[in-house]
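>>> sequence unavailable; structure follows:
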């Protein structure tokens, strides 16, 4: 155990202290900051905070009620006649003005006058103002309910009410699928690294020194534990950066997309139950690959194939959305190489039955164990075959292992 | 009890018979030369000894029994090629390898400081291994093999990239370790180093042991019936000398069967020849190597 820990710590430090890792770690917050910054800048540049005017011939707004001034609000000025409003418009004092004709209450028709199309925040604020005045004579609770309603307020809910999806989904709704994509990205970064390291150790003979200092089990175990810790570090760092980005973006953008970031505890539990054994399984497979192939470049190329199964559920996203509990979705959720991403997509659009999550997690644990076994065997067969790869038949066949004998 | 005992081991990889039949033992406090041409089976023998490979047949006993994980801490190994992490600092790399051999970090740090000083590497401790010269990397590799004070040290081509000063330093180290009781197995192609350092040797050819014993015995076995003479002026005609050949200032005299070298010496003295050198001709290890391996290859 002592040597396993030593190898794990060494592997962890060797990875996280590399420039490549630090760049990968910082690339996500940099990208997030760039996205938030550009969006905020675009919103600010697009918005026009000049007042909006109106001319009321209907008398409905004789004693107007003004809406509260929130983000993006503009002042609303009343003009006695269209000439005054036109003059203010020409002078640039207002960005547009509305004319409510005498029969407005009967027809609900208004005229909008502008030189350049007004900004959406201004028109939106004016219609809030109109809505408030339409409801001014209603009981307060009715006014509040009507005011809160919009065309987008259709929410689809699962029968048990645990999951719901609005026409305009929020970040909270999409979190599981985002976690699935993050899982895949992490595997891409870290798995590629591990396969590179092992194949380099094989190529430059470091492996020969290591195996005369520790057992194959300690060697493989240390590498897998080290890599899982690296992945967790990266995941936690990205999570922290994403959290900070959400807080900043909420203040800057005022978008409903970021308003609700609620996460279902059951979904989090499911993700942990499948992600951890999946990381172990992939790490062991990468170690096996690194020990088996002839050259590091070849290992890098083949490593990409291992990540490919994770992309399959994303290709089949529409099938998942249309039928989250259909045979394809269930099959991909239970198949170890595709289950992490499949389950997160399904959890985004519906409820994954607990038994399926449990079976998927159990299969992943078994697969992780099998992958570690395979890695041990590949390591023994392939570690000292410089410039040669180990064939599949040999890997799964009855070839005698080089050392230890526990895996024979 | 021998530190290492190898008995009739064999190992094949597919159709290639890497080792066919090799037996030898290594004593505590000796430097043992493991020799042979390229592809003879030396490295496979070493890997079998270290339990990296299991032999197809034969027995291996290391430090009094079969190889165990615990024994790995009592063995030092320096493979022929570098075997060091290239992209980390020298000190970090050696600390890692030392602690993997069971040394507590504080002790490993203390010993590493001494070794770096001894091998003139202190100034380079924070440099990445790949930034060091080949010779420096080789010295670092030697440190990694000896820092935990092993009872058995196996070194493959220890002088390959070293300059004469560092070669001498490593030779001194090996003698020092031998005197402290360490059993050292050295695999090399540099026969003059073997002649200088080794107590006993094993020559492997085509996976089989073809020459085994103490260096003196081996040379005596292969010495011809000849003497080497250096004298002022020409040598007189001598009875019992079949042929003579000159190499620079020395003459090799091949003697007829039954003619003792002492008779030739007596005849030279009686003839008033001013002798500067007279010795029994023994072949160099290089000559023995070529003779044995060449004969085996025919």
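Perfect, thanks for sending it. Everything numeric here is computed off the predicted structure, so don't read it as measured data.

>>> against residue B:221, how distant is residue B:292?
10 Å (CB to CB, to the nearest Å). Placement of C-beta: from N, CA and C, glycine included.

>>> out of these two, which sits in the busier spot?
Taking neighbours as other CB atoms under 10 Å in any protein chain shown, residue B:292 and residue B:221 compare with residue B:292 leading, 19 against 11.

>>> contacting residues for residue A:112?
A:96, A:97, A:98, A:99, A:118, A:123 (CB atoms under 8 Å, 6 or more residues apart in numbering or on different chains).

>>> how about the strands in chain A?
A:52-56, A:76-78, A:96-100, A:111-114, A:155-157, A:164-166 (DSSP state E).

>>> so how far is the helix or strand of chain B with the lowest mean pLDDT from its chain's centroid?
Within chain B, no helix or strand scores below helix B:285-297, which has a mean of 76 by mean pLDDT, DSSP states H and E. For helix B:285-297, the separation from the chain centroid amounts to 16 Å (computed by CA atoms, centre = their mean, to the nearest Å).

>>> that one packs against which elements?
Secondary-structure packing of helix B:285-297 (3 or more CB pairs under 8 Å, 6 or more residues apart in numbering or on different chains; DSSP states H and E): helix B:191-197, strand B:200-205, strand B:208-214, helix B:215-221.

>>> if we go to 6 Å?
If you count contacts as 3 or more CB pairs under 6 Å, 6 or more residues apart in numbering or on different chains; DSSP states H and E, helix B:285-297 packs onto helix B:191-197.

>>> can you tell me what sits against the helix it packs on?
The contact list for helix B:191-197 (CB atoms under 6 Å, 6 or more residues apart in numbering or on different chains) reads B:31, B:33, B:159, B:285, B:286.

>>> the longest helix seen in chain B: what's the following helix or strand?
Longest helix in chain B by number of residues (criterion: DSSP state H): helix B:164-179. Per DSSP states H and E, the first helix or strand lying C-terminal to helix B:164-179 is strand B:183-187.

>>> give me the buried entries from the contacts of helix B:191-197.
The neighbour-count test (16 or more other CB atoms under 10 Å in any protein chain shown) applied to these identifies B:31, B:33, B:159, B:285 as buried.

>>> looking at those, spot the one nearest residue B:20.
residue B:33 (20.1 Å; CB to CB).

>>> just list whatever residues bridge to that closest one.
Beta bridges link residue B:33 to residue B:186, residue B:201, judged by DSSP bridges.

>>> for chain B, what are the nearby residues on chain A?
A:6, A:10, A:205-206, A:208-209, A:211-215, A:402-403 (CB under 6 Å from any CB of the partner chain).

>>> the chain - how does it break down into domains?
With no chain named, the answer covers chain A. According to automatic domain parsing, chain A comprises the domains A:2-39+A:163-396, A:52-149.

>>> other chain: chain B
B:4-220, B:224-281.

>>> could you check how many residues crowd around the nearest residue to residue A:53 once chain neighbours are set aside?
Excluding its sequence neighbours, the residue lying closest to residue A:53 (CB to CB, 6 or more residues apart in numbering or on different chains) is residue A:97, at 3.5 Å. Close neighbours of residue A:97, defined as other CB under 10 Å, add up to 26.

>>> for residue A:97, name its beta-bridge partners.
residue A:53, residue A:113.

>>> you'd agree it is up against residue A:51?
No - under the criterion of CB atoms under 6 Å, residue A:97 makes no contact with residue A:51, lying 9.3 Å away.

>>> residue boundaries of the strands in chain B?
Ranges of strands within chain B are B:4-13, B:16-26, B:31-35, B:57-62, B:75-78, B:152-156, B:183-187, B:200-205, B:208-214, B:226-232, B:241-247, B:250-255, B:274-280, based on DSSP E.

>>> any chance of those strands in JSON lines, with distance to residue B:120 too?
JSON lines is the format used below for the strands of chain B (distance: least, CB to CB, whole Å):
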{"stretch": "strand B:4-13", "distance to residue B:120": "32"}
{"stretch": "strand B:16-26", "distance to residue B:120": "30"}
{"stretch": "strand B:31-35", "distance to residue B:120": "24"}
{"stretch": "strand B:57-62", "distance to residue B:120": "33"}
{"stretch": "strand B:75-78", "distance to residue B:120": "18"}
{"stretch": "strand B:152-156", "distance to residue B:120": "19"}
{"stretch": "strand B:183-187", "distance to residue B:120": "22"}
{"stretch": "strand B:200-205", "distance to residue B:120": "31"}
{"stretch": "strand B:208-214", "distance to residue B:120": "34"}
{"stretch": "strand B:226-232", "distance to residue B:120": "40"}
{"stretch": "strand B:241-247", "distance to residue B:120": "39"}
{"stretch": "strand B:250-255", "distance to residue B:120": "39"}
{"stretch": "strand B:274-280", "distance to residue B:120": "39"}
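
>>> in a markdown table, list these along with mean pLDDT and distance to residue A:62.
As requested, those are exported to a markdown table (pLDDT from 0 to 100; distance: least, CB to CB, whole Å):
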| stretch | mean pLDDT | distance to residue A:62 |
| --- | --- | --- |
| strand B:4-13 | 91 | 100 |
| strand B:16-26 | 92 | 104 |
| strand B:31-35 | 94 | 109 |
| strand B:57-62 | 93 | 105 |
| strand B:75-78 | 92 | 98 |
| strand B:152-156 | 93 | 101 |
| strand B:183-187 | 95 | 106 |
| strand B:200-205 | 92 | 112 |
| strand B:208-214 | 90 | 115 |
| strand B:226-232 | 89 | 133 |
| strand B:241-247 | 87 | 129 |
| strand B:250-255 | 88 | 132 |
| strand B:274-280 | 88 | 133 |
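
>>> neighbours around the spatially closest residue to residue A:235 that is not a sequence neighbour, how many?
Closest residue to residue A:235 apart from its sequence neighbours, by CB to CB, 6+ apart: residue A:186 at 6.1 Å. Residue A:186: 20 surrounding residues under other CB under 10 Å.

>>> again, but for residue A:79
For residue A:79, using other CB under 10 Å, the count is 20.

>>> who's in contact with it?
Applying CB under 6 Å, 6+ apart to residue A:79 gives the contacts A:53, A:55, A:85.

>>> one more pass at 10 Å, please.
A:53-56, A:85-89, A:94, A:97-99 (CB atoms under 10 Å, 6 or more residues apart in numbering or on different chains).

>>> for the residues you listed, which one is nearest chain B?
For the contacts of residue A:79, the residue nearest chain B by CB to the nearest CB is residue A:94; the value is 65.1 Å.
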